[in-house]
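>>> got a predicted model here, sequence first, then my questions.
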Amino acid sequence: MPLTLHLAADDLTRCRFAISPLCQTHEALRMLRRPARHGYHRAWLRRLGRTLAGLDLSPLWLFVPRPGGYTPDFLGAPPDEPYPSIDDELARMRATDPALARAEMARSLACTAGLAESPQGRAALDDPAGTVRRLADLTELAWHALLAPDWPRHRAVLAADVAHRSRQAADGGLDALLTDLHPGIDWAGHRLTLRMYDDLADAQRADGRGILLMPSVFVWPDVVSGFARPWQPTVIYPARGMGRLHAPAPRPPEALARLLGHQRAAVLAGLTAPAPTTELARRHGLAPSTVSAHLTALRDAGLLDSRRQGHYVLYGRTGLGDALVDGN
């Protein structure tokens, strides 16, 4: 049987989105262990090959079992706010109740025959508080080595997905939003059904807190749910536009470059998803002050708009900007 979440009226009014650096780190690590998820990230994996070879993440790998196994939820816990910082999320992870951590680690180890009785498994369970600290330290190391350098670009793709789906909900209601999340998700009669899952007896059930929806660039082709109590029921789904994540900035049309200048045209053409000034500066090899001047001019011309998200201001093309880049 698939995993089915029955959403009452309170759940439907409390559905929300979040972008979580910790969850993205967690899913990146799971992706490394699951070749079926490598498809969109082969160039990224090649680029990070030497970095990955130098990382000893073996204590973390203990809790990332084969596909279908359970990974402790506290390693990538659903956040309480929409745009948490990685520092706040790591602090929350380090504050995990040792009894909860031990229960989740024991469940994870039980997915692999004999692992709970191995020296590594026994050591982890005998000192759950110490194990949580070590796993948090390794997660922080993985974040800085693997995700932090590219995080502005990742965040821009995730933010664009949230913006798109928020417009879907505004235009067509929750039916339009929930029916388009993933081919493996069905929505009918207040039931959200994840067909890729077996029914999980101990999975968290909708209980009036709503469903947390989190896009991810690392979860494709899967969709992830099944969080147990006390975590909020959550669905992690592949973000739109993730296929462009590692692609170089597109070259602007020559006519557009003649009209706007090569740098300004490149900035406009490269905004296939909303992005902050710092990411655009890195992407185009320009000083942030130069990019800022280009963005201001393009916004004043009605080709871009901007919105604040957490600590960042994201710039995205307007309909007029899209038409100009497309040559319409």
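That came in fine, so what should we check first? Numbering: from 1, shown residues only.

>>> C-alpha only now, for contacts and for neighbours.
Noted.

>>> so, low pLDDT: which residues of the stretch 151-300 of the chain?
For the stretch 151-300 of the chain, the stretches with pLDDT under 70 are 196-208, 226, 244, 246-250.

>>> in it, which spans are strands?
In the stretch 151-300 of the chain, the strands defined using DSSP state E, counting those that start in this stretch lie at 185-188, 191-194, 212-216, 234-238.

>>> any idea which of these gets closest to residue 99?
Proximity to residue 99, assessed across the strands of the stretch 151-300 of the chain by CA to CA, is greatest for strand 234-238 (22.1 Å).

>>> packing partners for that closest one?
On a contact count with 3 or more CA pairs under 8 Å, 6 or more residues apart in numbering; DSSP states H and E, strand 234-238 meets strand 212-216.

>>> so in that sheet, which strands flank the strand it packs on, and in what orientation?
strand 16-17 (parallel), strand 234-238 (parallel) (DSSP bridges).

>>> chain center to the last one: distance?
Distance, stretch centre to chain centre, for strand 234-238: 9 Å (CA atoms, centre = their mean, to the nearest Å).

>>> please apply the same query to the first one.
The chain centroid and the centroid of strand 16-17 are separated by 13 Å, computed with CA atoms, centre = their mean.

>>> just to revisit the earlier point, return the most buried member of the strands paired with strand 212-216.
strand 234-238 (a mean of 23; mean count of other CA atoms under 10 Å).

>>> so which of the strands of the stretch 151-300 of the chain is nearest residue 47?
Closest approach to residue 47 among the strands of the stretch 151-300 of the chain (CA to CA): strand 212-216, 20.2 Å.

>>> can I get the closest one as PDB, trimmed to CA atoms?
The C-alpha trace of strand 212-216 is given here as PDB (Å, rounded to 0.1, in the frame of the first residue of the first chain):
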ATOM      1  CA  LEU A 212       5.500  21.200   5.100                       C
ATOM      2  CA  LEU A 213       6.500  21.300   1.500                       C
ATOM      3  CA  MET A 214      10.200  21.500   0.700                       C
ATOM      4  CA  PRO A 215      11.800  21.600  -2.800                       C
ATOM      5  CA  SER A 216      15.100  19.900  -3.200                       C
END
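
>>> that older thread, possible to save the strands paired with strand 212-216 as a markdown table with distance to residue 223?
What follows is those, written out as a markdown table (distance: least, CA to CA, whole Å):
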| stretch | distance to residue 223 |
| --- | --- |
| strand 16-17 | 15 |
| strand 234-238 | 5 |
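
>>> tell me the first helix or strand C-terminal of the one helix or strand residue 108 maps to.
Here residue 108, judged by DSSP states H and E, is contained in helix 98-109. Remark: after helix 98-109, the chain's next helix or strand is helix 119-126, criterion DSSP H and E.

>>> which parts of that following helix are buried?
121, 124, 125 (16 or more other CA atoms under 10 Å).
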